[in-house]
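*Asks:* fold the following, please.
(2 chains)
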2 protein chains.
Amino acid sequence: MADSNSVEALIHALRRLPGVGVKSASRMAFHLLQHDRAGALTLSRALQHAVESVRHCVRCHTFTESELCATCQDARRDASKLCVLETPADQSALERTLAYKGLYFVLMGKISPLDGIGPKDIGLKKLFDRVNDGVVTELILATNFTAEGEATAHVIAQGLKDSGVQITRLARGVPIGSELEYVDLGTIAHALQDRR
Amino acid sequence: MADSNSVEALIHALRRLPGVGVKSASRMAFHLLQHDRAGALTLSRALQHAVESVRHCVRCHTFTESELCATCQDARRDASKLCVLETPADQSALERTLAYKGLYFVLMGKISPLDGIGPKDIGLKKLFDRVNDGVVTELILATNFTAEGEATAHVIAQGLKDSGVQITRLARGVPIGSELEYVDLGTIAHALQDRR
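*Replies:* A predicted model of the protein is given here:
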């Protein structure tokens, strides 16, 4: 774009964001340089600061800036319940419901053979050790309801089937506010089977 | 996301990119921090460097790192032809065709009353002075074929109708490789009218 190497370098760097191709990257670079240079500097500093300060909680693997995340440090949480999730964003969604008071284990990924991601890469050994520590009595599998999320849940359930810990899965069913006509058939079948 | 203010600040900063909402921003932040910290630092530096070094060519307004952009400095370009475009990305597209050897004037925007952008904001006064400098003999209007691009082209053509300079517009027609069945009717009508 124009004869500026800095602009070319910026477009190239923006393409490292997931879901951003060369056209989106050009549009973003133009917008920032023409209309929001303050935003560009804010983003630059936020990126650098996050890379420098964000690490993983030693206990649950979620993003945090200290050794232990605030949730793992919170003595009021019910340590007998452990919820397994794929990402910090999923954890954040569950926290916002205010419906869960137990602890978490964030896989920071999911088993995905096509991408070369196996049980080791998502820390299953550590999860299994944690579940067998005698404190946890229920493990809630809250991986996504995608093929990879289901496979991950299956592997975890298999690995812990002799642990004596109760293993549950988030209920599948019709989302609140939706009309049956537009819900996929697999979901309706599950909702019928799990009716209460 | 998790209990990290740095991650929250990063998500907030990513939302300043055009077309990025809170879900995309969360996904981008997770990807960079979990899988591509080097990419995050590269992007941070590219943003800062671009903001510090990129300015506008004093002659044609495009992005450049010097007083005059390389195109305006190039004595081999035909100074009698001046092509008006909306953005450096449009200019880059035209340059890549290798079909144009004249000079450019980049508006860095378009007239858009709804966004409060009028003729002054896109430097039309400066464009008119340039067209009236006695060197330019043809002005090629290459603003986009959108409502705002057409309006901008119309305002420029009106403002220069007594200048004695030939004013042309990029041809409208059927894009190469497209099938008539899928081309919109306005384009087909124009292509028929301008048949050759």
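*Asks:* what's near enough to touch A:Gly109?
*Replies:* A:Gly109 sits next to A:86-87, A:117, A:121-122, B:34 when contact means CB atoms under 8 Å, 6 or more residues apart in numbering or on different chains. Every residue, glycine included, has its C-beta placed from N, CA and C.
*Asks:* can you pick the most crowded of those?
*Replies:* A:Ile122 (25 neighbours; other CB atoms under 10 Å in any protein chain shown).
*Asks:* show me what contacts the closest residue in space to that one that isn't next to it in sequence?
*Replies:* Sequence neighbours aside, A:Leu107 is the residue nearest to A:Ile122 in space, at 4.1 Å (criterion: CB to CB, 6 or more residues apart in numbering or on different chains). Neighbouring residues of A:Leu107 by CB under 8 Å, 6+ apart: A:61, A:84-87, A:122-123, A:127, A:143, A:152.
*Asks:* please report how far A:Leu107 lies from chain B.
*Replies:* Note on A:Leu107: its distance to chain B, by CB to the nearest CB, to the nearest Å, is 11 Å.
*Asks:* right, and the helix or strand after the lengthiest strand in chain A?
*Replies:* The residue-count maximum for a strand in chain A (DSSP state E) belongs to strand A:78-85. Using DSSP states H and E, the next helix or strand after strand A:78-85 towards the C-terminus is helix A:88-96.
*Asks:* ok so, going back, could I get the contacts of A:Gly109 as TSV with distance to A:Asp74 and pLDDT?
*Replies:* Rendered in TSV, the data for these read as follows (distance: CB to CB, whole Å; pLDDT from 0 to 100):
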residue	distance to A:Asp74	pLDDT
A:Glu86	22	94
A:Thr87	20	92
A:Ile117	30	89
A:Asp121	28	88
A:Ile122	24	91
B:Gln34	24	93
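*Asks:* how about the lengthiest helix in chain A and chain B, any contact?
*Replies:* Looking across chain A with DSSP state H, the single longest helix is helix A:37-53. Yes - residues of helix A:37-53 are located near chain B by CB under 8 Å from any CB of the partner chain, namely A:37, A:39-51, A:53.
*Asks:* for these, pick the one with the most neighbours.
*Replies:* Within these, most neighbours by other CB under 10 Å means A:Leu47, with 30 neighbours.
*Asks:* ok, and the closest non-adjacent residue to that residue?
*Replies:* B:Ser44 (3.9 Å).
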